[in-house]
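Enquirer: Whatever this is, show me its structure:
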Amino acid sequence: MSPSATEIVYAIGLGDQLVGVSYACDYPEEAVNKPVISLRVQSNPHLPSDEIDAIVQQARANGNPLYWIDANLLREIKPDLIITQEVCEVCAIGAGSVFETAAQALDYKPNILTIRPRVLTDVIQSIRMIGAAAGEVARSNRLADSLETRIYRVKEGIPQYGYRPRVLCLDWLDPLRNTGQWVPEMVEMAGGKEGLAIPGGLSRELSWAEIVDYAPEFLMVMPCAFEPDQVVKETSEKLTILPGWDDLPAVDRDQVVLFDGRLPTRHGPRVVDVLEVLAKVIHPQTFRGISTDGVLVHSRN
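Expert: Below you'll find the model as predicted:
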């Protein structure tokens, strides 16, 4: 029921047993050919951020759902294990709706596993949990262990003492929002200082004046779920026109970095790729060997 879970299922070698996915499950490529069980009410995937925000706010005000489950298809595919999430009600269908629909549509009780990661260790633990629920403990543990090794290498490569540059990661561009949960934590692990966010905390709305006053030295643009072309377009249309944009230290030093918005907020194996790229961006001399392919949008302000 979420792209993060789909990525984990494939990463532990169970793609052939996956019988249904969400509308947003686009990695690996094979996932797009699976039956789509959960869909969003608003079908246009390329709306600008302000219009998407308006739809979300209206849905909340009226108590309307953002997603729906194809109950007939769910009944047809007969899953043994359903993986859902309680991380963000905007990004994917919530666990409560999944339990309710499954109870109504199915004449048996599937195993429903709900993932609730807040920090990076939770993300790794989710991989172990999914492996255990799917009967693939050994493979999921090997994957989790390898990711923990990569995390350790980043943390060990960062100088324990010395200056940490001010970093701002933007999760949304209209309205402006910072990142939450594991992303501020990863910035800290990568040697930066996220002064406007709380590791493990929630995303919040920011004013432009607050950002100007913070004067970020690195600006990481990673609007949630946005594809590369959308990230470039929104950065140009929403950020570069703001008063004082050119005066930000990050802009003056050419340290505005555009991420594929589908990666940082997904709590799957590729989140460690994001950690490594953050470390390379902030400390390029220390992490020369890390590739940015597939994570960064190779365009700046």
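Enquirer: Name the helix or strand of the chain that has the lowest mean pLDDT.
Expert: Scoring the helices and strands of the chain by mean pLDDT, DSSP states H and E places helix 49-62 at the bottom, with a mean of 68.
Enquirer: Give the next helix or strand downstream of that one.
Expert: Sequence-wise, the next helix or strand downstream of helix 49-62 (DSSP states H and E) is strand 67-69.
Enquirer: Give the buried residues for that following strand.
Expert: Buried residues in strand 67-69, counted by 16 or more other CB atoms under 10 Å: Y67, I69. C-beta here means a position set from N, CA and C on the backbone, and glycine is covered the same way.
Enquirer: which residues of the chain fall in helices?
Expert: 3-11, 49-62, 71-77, 95-105, 120-133, 137-157, 182-189, 208-214, 228-234, 249-252, 271-282 (DSSP state H).
Enquirer: Format those as CSV; extra columns: distance to L196 and mean neighbour count.
Expert: Shown next, in CSV, are the helices of the chain (distance: least, CB to CB, whole Å; neighbours: other CB atoms under 10 Å):
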stretch, distance to L196, mean neighbour count
helix 3-11, 25, 25
helix 49-62, 18, 14
helix 71-77, 41, 14
helix 95-105, 30, 16
helix 120-133, 19, 20
helix 137-157, 22, 15
helix 182-189, 9, 23
helix 208-214, 6, 14
helix 228-234, 19, 18
helix 249-252, 13, 17
helix 271-282, 16, 23
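Enquirer: Lowest mean pLDDT across those, which one is that?
Expert: Comparing mean pLDDT over these, the weakest stretch is helix 49-62, at a mean of 68.
Enquirer: Nearest residue to E227 in space, please, no chain neighbours.
Expert: Distances taken as CB to CB, 6 or more residues apart in numbering put R262 closest to E227, at 6.6 Å, once the chain neighbours are dropped.
Enquirer: picking up where we left off before, quick one: closest of the helices of the chain to L113.
Expert: Proximity to L113 (CB to CB) singles out helix 120-133 among these, at 4.8 Å.
Enquirer: ok so, going back, my read: the residue nearest to E227 touches P223, true?
Expert: No - between R262 and P223 there is no contact, the gap being 9.8 Å when judged by CB atoms under 8 Å.
Enquirer: Look at the two and report which has more neighbours.
Expert: For R262 versus P223, neighbours defined as other CB atoms under 10 Å are more numerous around P223 (25 against 21).
Enquirer: Next one, pLDDT for that one please.
Expert: 95.
Enquirer: do S236 as well
Expert: pLDDT recorded at S236 is 96.
Enquirer: Distance check, it against L263.
Expert: As judged by CB to CB, to the nearest Å, S236 and L263 stand 20 Å apart.
Enquirer: In terms of neighbours, single out the busier of these two.
Expert: Here S236 and L263 are set side by side on neighbour count (other CB under 10 Å), and the busier one is L263, at 20 against 12.
Enquirer: Double-check that one against V274; I have them as touching.
Expert: Yes - applying CB under 8 Å, one finds L263 in contact with V274, separated by 5.4 Å.
Enquirer: Show me the common contact partners of these two, please.
Expert: Common neighbours of L263 and V274, using CB atoms under 8 Å, 6 or more residues apart in numbering, are V295.
Enquirer: so A133 sits right up against I112, yeah?
Expert: No - using CB under 8 Å, A133 is not in contact with I112, being 9.4 Å away.
Enquirer: what's the overlap in contacts for these two?
Expert: By CB under 8 Å, 6+ apart, A133 and I112 have these common neighbours: L81, I83.
Enquirer: which residue sits closest to R75 in space, ignoring its chain neighbours?
Expert: Leaving aside its chain neighbours, R75 sits nearest to A105 (4.9 Å; criterion: CB to CB, 6+ apart).
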